[in-house]
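Colleague: predicted model, plus sequence, below.
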Protein chains: 2
Amino acid sequence: MARAATTSDTFNAIAEPQRREILMLLRGGERPVTELARDLGMTQPQASKHLRVLREVGLVRVRGAGKQRLYDLDARGLRPVHEWVGGFERFWSESFDRLDEYVQELKQARQEEPHDGDDQ
Amino acid sequence: MARAATTSDTFNAIAEPQRREILMLLRGGERPVTELARDLGMTQPQASKHLRVLREVGLVRVRGAGKQRLYDLDARGLRPVHEWVGGFERFWSESFDRLDEYVQELKQARQEEPHDGDDQ
DNA sequence: TTGACGCATTCCCATATAGGCATATGATGG
DNA sequence: CCATCATATGCCTATATGGGAATGCGTCAA
C-alpha cells in the first residue's frame, strides 16, 4: 500500500524537501505561486501541486488577490509534529550524555595505560 | 522521481506511522524485533524492514544479543527535525492570536448589526 | 552436525507520488 | 466577448515503497 496519502498527513506533507522550502519561504509573508516557483527554481505546475498538498493538510491558506492567488503560512498544523518530536528531547540529550561519558572513559583509559600509537 | 529515498532522510523516515510507533516503543528501552512486531501488530519481516530504514537514517542502533538483535533508540537524529519545526513556533502562536482576533471581530460584528439567520 | 529459533532479505504486486507537458479555468482589461 | 496573465488540473511515465509470502543466514543447544 505504498505510503499514507500525503494529503491527509502533516508528517508526509513536510517529508518533501521542496514543500519544506515553500513553508520556509512563506515565513516571510504571503506570496503568489509564480514567485514561489521562481524563487525555488521549480515550474509553476509543480509549485501549484505542492501548494495544493500543503493546503489540504492545512499548512497554508490561500487568498485571491486579483488574478493572483496569495499563499500564506498557517503553521498551526506543525504544532503536533513539534510536540511529537519533542517527546524525544530527553533521549537525544541522554544520547549526548552517553557520548560524553564515552569520551571521558576513553580519555581516562588513555591516561592510565598509555600505549604507543594511542595518540595519533 | 517519486519521493526522496527514506533511507537518506529523517523526515521521510518518520513520515511512516508505523515507524513512529516503533520509535515511541523504543523509548521504553531496547527490544528484540519479534517483540516489537508483536506489540505493534505487524509481521516480523515488516518490523525488520522498518527497523532497517530507521537504522539507515541513524534513529536506532542494533546490538546482537545471542540469537536476538536488540534495537535501541538513538534520538539524536530527531534534533534537527525538532529544530526545523521549532522554527515555525512563533508562527503558530501568531496564528492562534489571529484566529482569536478573528473570533472577536465576528462576535462584535454580530452584536453591532444582528441579521436574521446570523445564528443558525 | 543437525534442528530450532530469531531475524534479514528477496521477489512480486498494487499504489502513491513527483516531474514534465499540455491544457482547462479564472479573473482582468479593452 | 476576446486576449492575456496567473493558476490549477489532467495525463503519462519512472520510481519508491509498503505488504505478503517464502527463503536465506547466523546463533545456540544437544
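Modeller: Arrived safely, thanks for sending.

Colleague: how close does residue A:24 get to residue A:66?
Modeller: 26 Å (C-beta to C-beta, to the nearest Å). For every residue, glycine as well, the C-beta is placed using N, CA and C.

Colleague: try residue A:30
Modeller: According to C-beta to C-beta, residue A:30 and residue A:66 sit 13 Å apart.

Colleague: what about the two, which has more around it?
Modeller: Neighbour count, other C-beta atoms under 10 Å in any protein chain shown: between residue A:30 and residue A:66, residue A:30 has more, with 15 against 7.

Colleague: so for that one, what's the pLDDT?
Modeller: On the pLDDT scale, residue A:30 is placed at 96.

Colleague: quick one: residues contacting it.
Modeller: Each residue near residue A:30 by C-beta atoms under 8 Å, 6 or more residues apart in numbering or on different chains is listed here: A:63, A:70-73.

Colleague: now with 7 Å?
Modeller: A:63, A:70-72 (C-beta atoms under 7 Å, 6 or more residues apart in numbering or on different chains).

Colleague: so which of the residues you listed belong to strands?
Modeller: Residues of the contacts of residue A:30 located in strands (DSSP state E): A:63, A:70-72.

Colleague: ok, which pair from those is furthest apart?
Modeller: Across these, no pair lies farther apart than A:63 and A:71, at 8.0 Å, counting by C-beta to C-beta.

Colleague: neighbour count for the two, which is higher?
Modeller: residue A:71 (25 against 10).

Colleague: on the pLDDT front, check the residue nearest to the more buried one when sequence neighbours are not counted for me.
Modeller: Spatial nearest neighbour of residue A:71, chain neighbours left out: residue A:60 (5.0 Å); criterion: C-beta to C-beta, 6 or more residues apart in numbering or on different chains. pLDDT, residue A:60: 97.

Colleague: which stretches in chain A count as helices?
Modeller: When assigned using DSSP state H, the helices of chain A occupy the ranges A:10-13, A:17-26, A:33-39, A:44-56, A:78-86, A:89-112.

Colleague: so for residue B:87, which of the ones you listed sits nearest?
Modeller: Across the helices of chain A, residue B:87 has its closest neighbour in helix A:17-26 (7.6 Å, C-beta to C-beta).

Colleague: what's the domain layout of chain A?
Modeller: Following automatic domain parsing, chain A resolves into domains at A:6-73, A:78-112.

Colleague: give me the distance between residue A:40 and residue A:79.
Modeller: From residue A:40 to residue A:79 the distance is 25 Å (C-beta to C-beta).

Colleague: who has more neighbours, these two?
Modeller: Neighbour totals were compared for residue A:40 and residue A:79, and residue A:79 leads with 18 against 15 (other C-beta under 10 Å).

Colleague: in this structure the more buried one contacts residue B:92, no?
Modeller: Yes. Residue A:79 lies in contact with residue B:92 (C-beta atoms under 7 Å); the separation is 5.0 Å.

Colleague: for the closest residue to DNA strand D within chain A, give me its contacts.
Modeller: Minimum separation of chain A from DNA strand D (C-beta to the nearest atom of the strand) falls at residue A:32, amounting to 2.6 Å. For residue A:32, the contact set (C-beta under 7 Å, 6+ apart) comprises A:68-70.

Colleague: name the nearest of those relative to residue A:48.
Modeller: Nearest to residue A:48 among the contacts of residue A:32 is residue A:69, at 9.0 Å by C-beta to C-beta.

Colleague: list the contacts of the closest one.
Modeller: Contacts for residue A:69 (C-beta under 7 Å, 6+ apart) come out as A:32-33, A:62.

Colleague: quick check: beta-bridge partners of it?
Modeller: residue A:64 (DSSP bridges).

Colleague: residue A:45: how many residues sit nearby?
Modeller: By other C-beta under 10 Å, 10 other residues sit near residue A:45.
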